[in-house]
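# With the input below, show me the fold.
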Amino acid sequence: MESTDIDELELDGGEESTDEASTRRSRRRFRLLLDGGSIALLAIFLVHLIPVLLQTNPLNPKWQGEFVDVLVNEGLLAFLGFVLMHLAAFVQPSHDGLRRRLRLVRRFAVLAVVGYLLLVPLQLTSSFGTFATTQTKRASYLEQGARLSEIREALIGATTIQDLNVRLQSLLQPSLSSDQLGQSLPDLRKVLLKENELEQNKLSKLLIETSEGGDFFDAFTRLGSAVGWALAFASGAVPWGSRSTMVERLRRRRRS
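Numbers count the residues shown, from 1 in each chain. Okay, here's the model as predicted:
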C-alpha cells in the first residue's frame, strides 16, 4: 500500500515537471514572437523615417509636411513595437537582456514624446507656409482667368483681322503672325477660341486642386494625431533618473 502511494506521488511529480517545462517553452516561444515583432516594427518605422531625415530642410514647407506625415502616419508601427516589447517582458520577466532593453527603450521613448509635441509648432508653421503659397497660386490663377476672359471677349467682339490684332495688343498679348493675318476671321477666331477654352479648363483644374477646405482639415487631423501619439508614448516613457512614467508623474503633480 505504501509502495503504491509513493509511485503515485512520483508520477504526479513527473507530470507537474513536464507541464512546467511545456509552459516555459510556450512562454519562451511567445516571448520570441513578441520580441522579434517589436524589433521588426521599429525597424520598419525607421526605414520610413530615415529617407526624410536625410533630406532635412526645416525651412521648406514641403519637407515639413512630409516629415509630419511620416511621423503621424507611421506612428502606429513604432507604438505597436513599443507595446509588443512590454508584452514580451511581461510574458518572460526573468529574461535579463529583455528587461535591460525595455528599460533603455522606455528611456528613449521620452524623445518620441518630445518629438511628437514638437510636431505641433512644426505643423502650424508648415500649414501657414502652405496656406500662403496656396493663396499666392490662387491669386495668380484668378488673374490668369480674368485675362483669358478678356481675350475671349476680344476674340468674339472683333470685326476684322486688323481689329482683332489691335484688341490683342491692347491686352498686352503678342501680335498676330503673318500666317494668322492671312487667314479669314471666322477660321482664326475658331482656332483661338479653342485654345482659350483649353487654357480656361487647365486653370479650373488648378483652382480645384488648391481648394482651401482640404488643407485645413488635413492640418487639424495631423495636429490631433501628433498630440495623441505623444500621450500614447508618454504612458510608457520613463525619464532618466525616474521610475515612473511621464503620465504617472503628470497625475501626481495634478493631485498635489
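# contacting residues for residue 31?
88, 91-92, 95, 98 (CB atoms under 8 Å, 6 or more residues apart in numbering). For the C-beta atoms, the positions are set from N, CA and C on the backbone; glycine is no exception.
# By neighbours, which of those residues wins?
residue 88 (25 neighbours; other CB atoms under 10 Å).
# wait, it sits on residue 99?
No: counting by CB atoms under 8 Å, residue 88 stays clear of residue 99, with 9.9 Å between them.
# Show residues contacting stretch 81-100.
27-28, 30-31, 34-35, 37-42, 45, 101-102, 105, 109, 233, 236.
# got the end-to-end distance for that stretch?
Start and end residues of stretch 81-100 are separated by 16 Å (CA to CA, to the nearest Å).
# Now the element after the helix or strand that contains residue 121, going C-ward?
Element membership for residue 121, per DSSP states H and E: helix 96-157. On the C-terminal side of helix 96-157, the closest following helix or strand by DSSP H and E is helix 161-170.
# same for the helix or strand just after that following helix, what does it pack against?
Toward the C-terminus, helix 161-170 is succeeded by helix 178-181 as the next helix or strand (DSSP H and E). In this structure, helix 178-181 packs against helix 161-170, with contacts taken as 3 or more CB pairs under 8 Å, 6 or more residues apart in numbering; DSSP states H and E.
# pull the CA atoms of the helix it packs on into CSV?
What follows is helix 161-170 as a C-alpha-only set of coordinates in CSV (Å, rounded to 0.1, in the frame of the first residue of the first chain):
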residue,chain,number,x,y,z
ILE,A,161,-8.4,90.7,-88.6
GLN,A,162,-6.8,94.1,-88.0
ASP,A,163,-9.4,94.9,-85.3
LEU,A,164,-8.6,91.6,-83.6
ASN,A,165,-4.9,92.3,-83.8
VAL,A,166,-5.3,95.8,-82.2
ARG,A,167,-7.6,94.3,-79.4
LEU,A,168,-5.0,91.6,-78.5
GLN,A,169,-2.1,94.1,-78.4
SER,A,170,-4.2,96.3,-76.1
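# quick check: angle from that helix to helix 96-157?
Put simply, helix 161-170 runs at 140 degrees to helix 96-157, going by axes from the mean of the first three to the mean of the last three CA atoms, to 10 degrees.
# Any chance you could list what contacts helix 161-170?
Contacts for helix 161-170 (CB under 8 Å, 6+ apart): 151, 154-155, 157-158, 174-176, 180-181, 183, 185, 188-189.
# let's go with 6 Å and repeat that
Residues from elsewhere that reach helix 161-170, judged by CB atoms under 6 Å, 6 or more residues apart in numbering: 154, 158, 175-176, 181, 185.
# list the buried ones in that helix?
Residues of helix 161-170 classed as buried: 161, 164-165, 167-168 (neighbour count, 16 or more other CB atoms under 10 Å).
# next one: stretch 174-183
residue 176.
# what's the first-to-last distance across that stretch?
Stretch 174-183 has an end-to-end distance of 17 Å (CA to CA).
# and which of the contacts of helix 161-170 is nearest residue 217?
Comparing those against residue 217 with CB to CB places residue 154 closest, at 40.9 Å.
# residues in contact with that closest one?
Here residue 154 is in contact with residue 167 (CB under 6 Å, 6+ apart).
# any idea how far residue 167 is from it?
4 Å (CB to CB, to the nearest Å).
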